[in-house]
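Colleague: I'll drop the sequence and a predicted model, then ask my questions.
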Amino acid sequence: MRKVAILCPAHDGKVHCNFSISIAEVFRIGAHLKGMSMHLTYLMHESLLESARNNLLLDAYEAGMDDFVFIDADQSFDPAAFFAVLNYPVDVVGVPVRMKSEKERYNIRPENKEKYTYDTWLGLLEVPSIGTGFIRLTRKAVEHLISVSTPYQEDGRTKYRMFEVVVFDNGLASEDVQMCNKLIQGGFKIYVDINYTCTHYGVQRYDGDFKSHYFSA
């Protein structure tokens, strides 16, 4: 049985209604799939984002999950995107998320298309890093993150800073960028499925189409 962890930080304890609809549809479809069990976990009221992601990922890893899918609770998405990222023969693959900005921007870094490579065989875009708003990691990728991350003690347990904010290349790297850096340094590649784009919710609804954005002049 393939065990898939769906990991959702909800810092203010709130979940957007459209996120709930997307997740409900994932479980409706998943109920008809044989050989797969899905496990949804929220972590609420954790003010440190890196701590929330570290705890969610380590708990799921120690529970014996095979795949780990981070999805932020202030987004909505096509449920087909969830099953698509699980089916690619890669260890790290995400879906673009429209950022909460008036200008059309996405969570892929750097924002320089010349740094991206489109893999025609996989049908995926290889990038230096992507935010963890919607990303799937295999157990192999998580094992690497644990092996190269600083351990620390909390609540009588050994935990690991798989996500951490650091100074990198003379700049400040967020916890998700640093996670991607660790994986790339370990020989992994970071891929993006540009057939889908997550909608983001803040003071308004932020829609986008990264595929059109990427192939535009």
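Modeller: Cool, got the structure. Numbers count the residues shown, from 1 in each chain.

Colleague: distance of the residue nearest the centre of the chain from L122?
Modeller: Nearest to the mean C-alpha position of the chain, by CA atoms, centre = their mean, lies I135 at 2.5 Å. According to CB to CB, to the nearest Å, I135 stands 16 Å off from L122. Quick note: C-beta positions are derived from backbone N, CA and C, even for glycine.

Colleague: what's the next secondary structure element after the worst-scoring helix or strand of the chain on mean pLDDT?
Modeller: Across the helices and strands of the chain, mean confidence by mean pLDDT, DSSP states H and E is lowest for strand 171-173: a mean of 70. Beyond strand 171-173 on the C-terminal side, the first helix or strand identified by DSSP states H and E is helix 175-185.

Colleague: Can you give the contact residues for whichever helix or strand comes after that following helix?
Modeller: Downstream of helix 175-185, the first helix or strand assigned by DSSP H and E is strand 190-192. With contacts defined as CB atoms under 8 Å, 6 or more residues apart in numbering, strand 190-192 is touched by 88, 90, 92-96, 108, 119, 122, 124-130, 180, 183-184, 210.

Colleague: switch the cut-off to 7 Å
Modeller: Strand 190-192 is contacted by residues 90, 92-94, 96, 108, 122, 124-130, 180, 183-184 when judged by CB atoms under 7 Å, 6 or more residues apart in numbering.

Colleague: now do stretch 131-139
Modeller: 53, 66-72, 75, 77, 85-86, 91-95, 97, 107, 176, 198.

Colleague: Sitting in strands, which of the contacts of strand 190-192 do you find?
Modeller: 92-94, 108, 124-127, 129-130 (DSSP state E).

Colleague: Narrow those to those that are buried.
Modeller: 92-94, 108, 124-125, 127, 129-130 (16 or more other CB atoms under 10 Å).

Colleague: I'd like the secondary structure assignment at A73, please.
Modeller: coil (DSSP: H, G, I helix; E, B strand; the rest coil).

Colleague: Return the residues in contact with it.
Modeller: 8, 10, 15-16, 19.

Colleague: Just those: which are in helices?
Modeller: Judged by DSSP state H, helices contain the following of the contacts of A73: F19.
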